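Novice: predicted model and sequence follow; I will ask about them next.
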Amino acid sequence: MKVRLGQRLTDHEAMSLAIRQAQKGAGFVAPNPLVGCVILDQEQRLLSLGYHRRWGGDHAEVEALKKIPTQDRRRALQGAQVFVTLEPCAHQGLTPSCAHELIRWPLAKVIYGLKDPNPKVSGKGAEIIRQKGISCEQADFLQGELEDLAEVFLTNMREQRSFIALKVASSLDGKLAMANGESQWITNESSRHHVQYLRGIYQAVLIGRQTLLKDQPRLNSRHPRFQDRQNTVIVLDPKGQSLDGLAHSSLAQVRPLDKIVLVLSERRKKALGPRGRIGFELLFCPELESGQLDLLWLSRELYRQGIASILVEGGAHTHSQFLQQGPADRLYQFLGPVLMGGPQAIGWTEGLQIQSFQERLVLRRMKAFKLEDNILVTGCLGR
Ligand SMILES: NC(=O)c1ccc[n+]([C@@H]2O[C@H](COP(=O)([O-])OP(=O)(O)OC[C@H]3O[C@@H](n4cnc5c(N)ncnc54)[C@H](OP(=O)(O)O)[C@@H]3O)[C@@H](O)[C@H]2O)c1
C-alpha cells in the first residue's frame, strides 16, 4: 500500500506501515533491533514516519519527530498518536531515551508493538510515558508480524545466542546437489539475487567443509545495497582439514582473512599445537556425545563475539545438524522447477533423524513468494 502524508489510517494500517518502515534498516542496525514509527495527528492523518536507519543513529521515534518542522512541531503533535513497533526505550545510550523524547510533546497516546524483551528495562519505557499522563498500551493486533520483524533481537535477548536462518536452494523433491557435488544451478537468477540480499542482512554466513571444497563459493553480497560490505564467513571443519588451503581459498579472495572463522573440534586443539600467524580466526568448539560439534554452544559463543545473526548456507550435513540440534530459527527455501530423484542426489535434510511424526519440525507463519518460475518458502522453524 502506497501512503502519502495527510492520508487517514486505521491503527492497524499505521502499525503495518511502521513495520514496513522498520524493515528498511535490515542489515544496518545490528546488534540493535529493527524499529519503525508512524505518527498520526488527532484526526488519524499521517503526520510523520521514520525508522532506525543504522546502529548509533537516531531511533525510529526520534527520526519521526525530527521530520516534523521545528516551528510546527508542538502544534502538530497536539493530541497526536504514535505507533512504534517496539516499546520505547527507557535508558540513555548513544542517543537519549525515546520515552523521554516522547514525553516532551503533547501526545494523546503511544501504541507499541512488542514489549522490550530485556527484563531489566521491559515495561519501564511505557511507565515513563504513562506517568506523564499519556496513554501507552501494547497493540493487540499484528503480533505475529511484529515478532517476525524483531526475531533476531528477541532471540539474542531471550536466548543469548545468534539468530540462525537456514538457506536452501533445492529441487521440488528437496535435493540440493548430486552426490558428485553438481548443483549449479537448481534455482534461477531472481532467487540467487535474493540470496545476495540475505547475505547483506545477516551478519555472517556459515557453511560446512564439504561445501567449501566442492563449490569454492565467495559468499559475499553482490547486492547493490551491500556491495562494499565485507561479511564474516564461518566454516565448520572439525578436523581442520582446510587449515592449509584457507588463506588461498575462494573465501579469502573477497574478504580480509580476519573475517574468516574456522570452527574446529576442541579435541584438535592440543594436536594442532602453536601455529604462528595464520590470519584467520580459529574457534575450538566442544563436541556432543554423537561426535558432532555442539551448535548451541557455537551460537552462544558467536553471539558473545558480537555476531547477532547467521545465514547457514549448507550443505546437507550442516543443515541437518542445525535442525537436529535446535538452533534453527528461520528457513528460506528456494525451490527450482526441477526433480532430481535419488539416491544419487542429496536431500537437504537427509541427516535429520526423526523417530515419530510427533517429533516433526514445523514452519510457523509460513509465507511463499513467486520468483518467476521459482518459489521462496519462508517461515519460523520449530516443533
Ligand atoms: N543447493 C544448495 O543450497 C547448496 C548449498 C550448499 C551446498 N550445497 C551442496 O551440498 C554439498 C555439500 O553438502 P554436504 O552435506 O556433503 O557437506 P557440508 O554440510 O557442506 O559439510 C559437511 C562437513 O562439515 C562438517 N560439519 C558440518 N556440521 C558439523 C557438525 N555439527 N559437527 C561436526 N562437523 C560438522 C563435517 O566435516 P568433516 O567431514 O571434517 O567431519 C561434515 O562432513 C555440495 O555438493 C554442495 O554443492 C548445495
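Specialist: Noted; the coordinates are in hand.

Novice: what does the particular helix or strand that has residue 73 in it contact?
Specialist: For residue 73, the element it lies in under DSSP states H and E is helix 73-76. With C-beta atoms under 8 Å, 6 or more residues apart in numbering as the test, helix 73-76 has contacts from 41, 47, 65, 68, 105-106. Any C-beta I mention is one placed from the backbone N, CA and C, and that applies to glycine too.

Novice: likewise for stretch 324-332?
Specialist: 151, 155, 161-168, 198, 288, 292, 294-296, 298-299, 312, 322, 351-353, 363, 376-381.

Novice: go again with 7 Å.
Specialist: 151, 155, 161, 163-167, 198, 295-296, 299, 322, 352-353, 363, 376, 378-381 (C-beta atoms under 7 Å, 6 or more residues apart in numbering).

Novice: neighbouring strands - and their directions - for the very next helix or strand once past the helix holding residue 73?
Specialist: Per DSSP H and E, helix 73-76 leads on to strand 81-86 as the next helix or strand towards the C-terminus. With DSSP bridges as the test, strand 81-86 is paired with strand 36-40 (antiparallel), strand 109-114 (parallel).

Novice: would you turn those strands into TSV with mean neighbour count, distance to the ligand and mean pLDDT?
Specialist: Formatted as TSV, the strands paired with strand 81-86 follow (neighbours: other C-beta atoms under 10 Å; distance: least, C-beta to the nearest ligand atom, whole Å; pLDDT from 0 to 100):
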stretch	mean neighbour count	distance to the ligand	mean pLDDT
strand 36-40	29	31	98
strand 109-114	23	32	97
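
Novice: circling back: helices - which of the contacts of stretch 324-332 land there?
Specialist: Per DSSP state H, helices hold the following members of the contacts of stretch 324-332: 151, 155, 198, 295-296, 299, 322.

Novice: and the residues you listed, which is closest to the ligand?
Specialist: Comparing the ones in helices among the contacts of stretch 324-332 against the ligand with C-beta to the nearest ligand atom places residue 295 closest, at 5.5 Å.

Novice: which parts of the helix holding residue 73 are buried?
Specialist: The neighbour-count check on helix 73-76 (16 or more other C-beta atoms under 10 Å) flags 73, 76 as buried.

Novice: near the ligand, which of the contacts of helix 73-76 show up?
Specialist: Filtering the contacts of helix 73-76 for proximity to the ligand (criterion: C-beta under 6 Å from any ligand atom) leaves nothing.

Novice: which one of those is nearest to residue 3?
Specialist: Minimum distance to residue 3 across these is 11.8 Å, recorded for residue 47 (C-beta to C-beta).

Novice: what residue ranges in the stretch 201-350 of the chain score low on pLDDT?
Specialist: Regions of the stretch 201-350 of the chain meeting the criterion pLDDT under 70 cover residues 274-277.

Novice: which one is residue 108 nearest to, not counting chain neighbours?
Specialist: residue 79 (4.5 Å; C-beta to C-beta, 6 or more residues apart in numbering).

Novice: close enough to count as contact, the one you found and residue 40?
Specialist: No. Judged on C-beta atoms under 7 Å, residue 79 makes no contact with residue 40 at a distance of 9.9 Å.

Novice: what's the domain layout of the chain?
Specialist: Domain assignment for the chain, taken from automatic domain parsing, gives 11-153, 161-382.

Novice: so which of those domains is the most surrounded?
Specialist: domain 11-153 (a mean of 19; mean count of other C-beta atoms under 10 Å).

Novice: report how far apart the opening and closing residues of that one are.
Specialist: 24 Å (C-alpha to C-alpha, to the nearest Å).

Novice: distance check, residue 19 against residue 200.
Specialist: Separation of residue 19 from residue 200 (C-beta to C-beta, to the nearest Å) stands at 20 Å.
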